[in-house]
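Novice: Quick check, what structure comes out for this input:
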Amino acid sequence: MSLLPETGRRVDEIAARAQSEGRTPSLALAVVRDRAVLHFAGVGEHPVPDTKTQYRLGSITKSLTATLVMQLRDEGFFALDDLLYRHLPGTSVGGVTLRQLLGHVSGLQREPDGPWWERNPGGDVDRLLAELGYDKLAGPPFRRYHYSNLAYGLLGAVLERVTGESWWTLAGKRVLDPLGMKRTTYAPMEPYARGYVVHSLTGALHEEPRYDSGAMAPAGQLWSTVTDMAKWAALLSDPAPAVLPRETVDEMCAPVVISDLESWTRGYGLGLRLYRVGERVFVGHGGSMPGYVSQLVVHRRSRLGVIAFANSYGLDKTHISTVALEALATAIDAEPSVPRAWVPPAPATGEAAALIGRWWWMGREFEIHADGDAIVMTGSNHVDRFVRESPDVWRGVSGENEGEFLRILRSPDGAPEKLDIATFVFARTSEHIA
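Specialist: Now for the predicted structure:
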């Protein structure tokens, strides 16, 4: 499947304008859906980009680090509200939680001590922790959004301490290998785009060094391609259970903080940025390292995403996120919605089978149908999903009743007669008012 020709031409124009006005040696822009590249626009000659050309991801790496944190949380290694002291004893900034570090509300300053880590060889975790001082706390947690690269270096340190394995080993076996992201690497592998600083007056190119970030690698080390990042984008819209269940991805996409309090167009979840454009909210992350900028944004409902790479340290007159968001909005507006193929459900059994059908509350009609091991209740303006927790008790896992209990009230002969959902009682007849 590909984009409509007119949509493709508009995306090509967005890419060409961004490369020309931005004065970047090359720019790669792709519209993706369901792991596939629907349209690729490559502009520039240094190098001529294609879908397998590597660029440095910069802080898109943080979304992968956050995924590792959420995996281990799901497996019981720790809780997100654990204090950092618990896993990195003795650190001077241990009074913040893992959740605060993930959401950039820890109060930590942006960078670690020492020289600018992005442009110098990095040290190991022990050195990172030894150089931390109390002065790295810029303010109390949760007072405001304050982006912190240091926070993700510390999260990487936690991952290593609780598993005994390096951050990169964990990333490979837990995320990249299961998703088949074979061209996402720790260090660049040919073919890759060299990164440049473009002189503002002469346009001369200064090639930037490509250092190993060491303990700060979880904040911005990785290299990848459009083809591989299409697989990463798909994880956000249609989670792969082998990596993360949908419920955990939904949790990552929920806002922890609004970073733009004036117009509410930007926020941050657990390792993912949130972008509001009009009435839509996109998720993803951007990145920069000396010589590179990058952006990934996904519209989860349509499963469309955009990946943008450039091999210059910023674009003149615009930002890489603006380019990607324009391309994604263009694709969503112009492309027809593609519904998923219908698959006959497995026959309902047990309690689920007895609950299927129409129910009434306050003169309003609702309908329950089975969906695998779950039941789904639909009304005029909402959809609630429940899973069985014990005999006659189901718990809401999505919708307005997420976290609430559905209790089956039975008649003397044992048949389900009413449903009590958080004290709201539903019955089989429209005459029931309660």
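Novice: The residue nearest the centre of the chain: what's it in contact with?
Specialist: In the chain, the residue lying closest to the centroid (C-alpha atoms, centre = their mean) is residue 272, at 4.3 Å. By C-beta atoms under 8 Å, 6 or more residues apart in numbering, residue 272 lies in contact with 63, 66, 236, 252, 253, 283, 284, 285. C-betas here are computed from N, CA, C, even on glycine.
Novice: quick one: low-confidence ranges for the chain?
Specialist: 432-434 (pLDDT under 70).
Novice: those helices in it, which residues are they?
Specialist: 5-22, 61-74, 84-87, 98-102, 125-130, 149-163, 167-171, 177-179, 217-220, 226-237, 246-253, 320-334, 350-355 (DSSP state H).
Novice: Just say which of the ones you listed is most tucked in.
Specialist: Comparing the helices of the chain by mean neighbour count (mean count of other C-beta atoms under 10 Å), helix 217-220 ranks first with a mean of 26.
Novice: hmm, who's touching that one?
Specialist: 57-59, 61-62, 65, 118, 122, 149-150, 152-153, 155-156, 159, 167-168, 186, 213, 287, 289.
Novice: if we can go back for a sec, any chance of the helices of the chain in CSV, plus distance to residue 112?
Specialist: As requested, those are exported to CSV (distance: least, C-beta to C-beta, whole Å):
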stretch, distance to residue 112
helix 5-22, 30
helix 61-74, 15
helix 84-87, 14
helix 98-102, 13
helix 125-130, 6
helix 149-163, 5
helix 167-171, 15
helix 177-179, 29
helix 217-220, 9
helix 226-237, 26
helix 246-253, 24
helix 320-334, 25
helix 350-355, 53
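Novice: who wins for proximity to residue 406 among these?
Specialist: Residue 406 sits nearest to helix 350-355 of all these, at 8.8 Å, using C-beta to C-beta.
Novice: same for that closest one, what does it pack against?
Specialist: Other elements packing on helix 350-355 under the criterion 3 or more C-beta pairs under 8 Å, 6 or more residues apart in numbering; DSSP states H and E are strand 364-371, strand 374-378, strand 416-421.
Novice: Out of the contacts of residue 272, which is nearest to residue 431?
Specialist: residue 253 (41.6 Å).
Novice: Next, work out how far apart that closest one and residue 229 are.
Specialist: Distance of residue 253 to residue 229, computed by C-beta to C-beta, to the nearest Å: 17 Å.
Novice: so what's residue 294 bridging to?
Specialist: residue 287, residue 309 (DSSP bridges).
Novice: State the distance from it to residue 136.
Specialist: Going from residue 294 to residue 136 by C-beta to C-beta gives 27 Å.
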